[in-house]
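# build me a structure from this.
(one chain, ligands or ions: 1)
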Amino acid sequence: MNPDMLTPFGLKIRMPSRREDQLPSLASVLQLVRHHRVVLIRGVDPLSRERLIHYCKGSNPHSDPFLHWDFGPVMELQASADPKNYLFSREAVPFHWDGAFHRVPSILVFNCIAEPATDSGGETLFCDTTRLWNQTPPLLRSSFSKIKLTYRTERLAHYGGEVTVPLVNKHPHDGTPVLRFAEEVKTTLNPVSLNISGVSPREAFETLDYLTTHIYQKDFCLEHQWQRGDLLFADNHALIHGRRAFLQNSPRHIRRVQLL
Ligand SMILES: [Fe+2]
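Predicted structure coming up:
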């Protein structure tokens, strides 16, 4: 194994063999995710659904560490010709954390089954919200700490409803400050509305302006271009994530499970 640091955060492990039986143990990868927030394992062939499930069960094949949805624990992320929801369209996916309307998983596991065509968009973005909080000016931090965010969306895909969360939260495993910020989704394909409460309209505007700008800045945002076989682990409590729009039709196919 050959580890490298990603920019501005995250760890990349390049595997010397494409064989999946050479993968490091799940427990060792999860240990690295706690520290680095993103761990990318590159160089192994894509896993089948069954092998991905098996690998993510770690040392206990009888365990069920997965978040389950109507369709089960495995989601196949591919653009559809007739999408009901923007996730399955060619549109950008604004920043969010997974499970806000259902149950929040700890770790997201992505496996790239088919990589996007060159220069066709579809990069996945990760923003380290702890890093962003640590560099937020004190006056804005005090606004952040008073804010509650309410999200609403119609259930047209696998999620929906209304949820209210404090903007500033604590990571449930290590207690570090994290931001539970998701962008409003302005789309005709299952929009998500955002309402800010707890501060004056001016403070709400300043907060929104600051966050929507900084989450995309290179000091806080890791942009990942998928390669076939990439196995990527992301901390869903510390990070928010999104996707750049597709610029053309793309064969991009990402398989995903979520660990509780
Ligand atoms: Fe997501």
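# for stretch 128-141, give the mean pLDDT please.
For stretch 128-141, the mean pLDDT works out to 97.
# buried set for that stretch?
Judged by neighbour count (16 or more other CB atoms under 10 Å), stretch 128-141 contains these buried residues: 128-133, 136. For the C-beta atoms, the positions are set from N, CA and C on the backbone; glycine is no exception.
# hmm, who's touching that stretch?
8-9, 37, 144, 168, 171, 176-181, 206-207, 210-211, 214-215, 219-220, 222, 238-240 (CB atoms under 8 Å, 6 or more residues apart in numbering).
# looking at these, which are in helices?
Among the contacts of stretch 128-141, DSSP state H puts 144, 206-207, 210-211, 214 in helices.
# from those, which is closest to residue 82?
Closest approach between these and residue 82, by CB to CB: residue 211, at 33.1 Å.
# next, the contact list for the closest residue in space to the closest one that isn't next to it in sequence, please.
Closest residue in space to residue 211, ignoring its immediate chain neighbours: residue 181 at 5.3 Å, by CB to CB, 6 or more residues apart in numbering. By CB under 8 Å, 6+ apart, the contact list for residue 181 reads 95, 129, 149, 167, 211, 215, 240.
# turn the buried ones among those into a named PyMOL selection, would you?
In PyMOL, this line selects whichever of the contacts of residue 181 come out buried by 16+ other CB under 10 Å:
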select buried, resi 95+129+149+167+211+215+240
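# nearest to residue 252, out of the contacts of residue 181: which one, please.
Of the contacts of residue 181, the one sitting nearest to residue 252 (CB to CB) turns out to be residue 95, at 18.8 Å.
# quick one: pLDDT of residue 1?
Per-residue pLDDT puts residue 1 at 65.
# same check on residue 90?
As predicted, residue 90 sits at a pLDDT of 86.
# that one contacts residue 78, correct?
No: between residue 90 and residue 78 there is no contact under CB atoms under 8 Å: 11.0 Å.
# more neighbours, those two?
Between residue 90 and residue 78, residue 90 has the larger neighbour count (other CB atoms under 10 Å), namely 18 against 14.
# mind checking which helix or strand that one is in?
When elements are assigned from DSSP states H and E, residue 90 belongs to no helix and no strand.
# quick one: mean pLDDT over stretch 55-67.
95.
# same thing with stretch 145-162?
Averaged over stretch 145-162, pLDDT sits at 90.
# ok now it, how far from the chain's centre?
Relative to the centre of its chain, stretch 145-162 is centred 16 Å away, using CA atoms, centre = their mean, to the nearest Å.
# can you check stretch 211-228 too?
Offset of stretch 211-228 from its chain centre (CA atoms, centre = their mean): 11 Å.
# and what of stretch 168-176?
17 Å.
# so which residues make contact with that stretch?
Outside stretch 168-176, the residues that reach it (CB under 8 Å, 6+ apart) are 34, 106, 130, 133, 144-145, 147, 177-180, 237-238.
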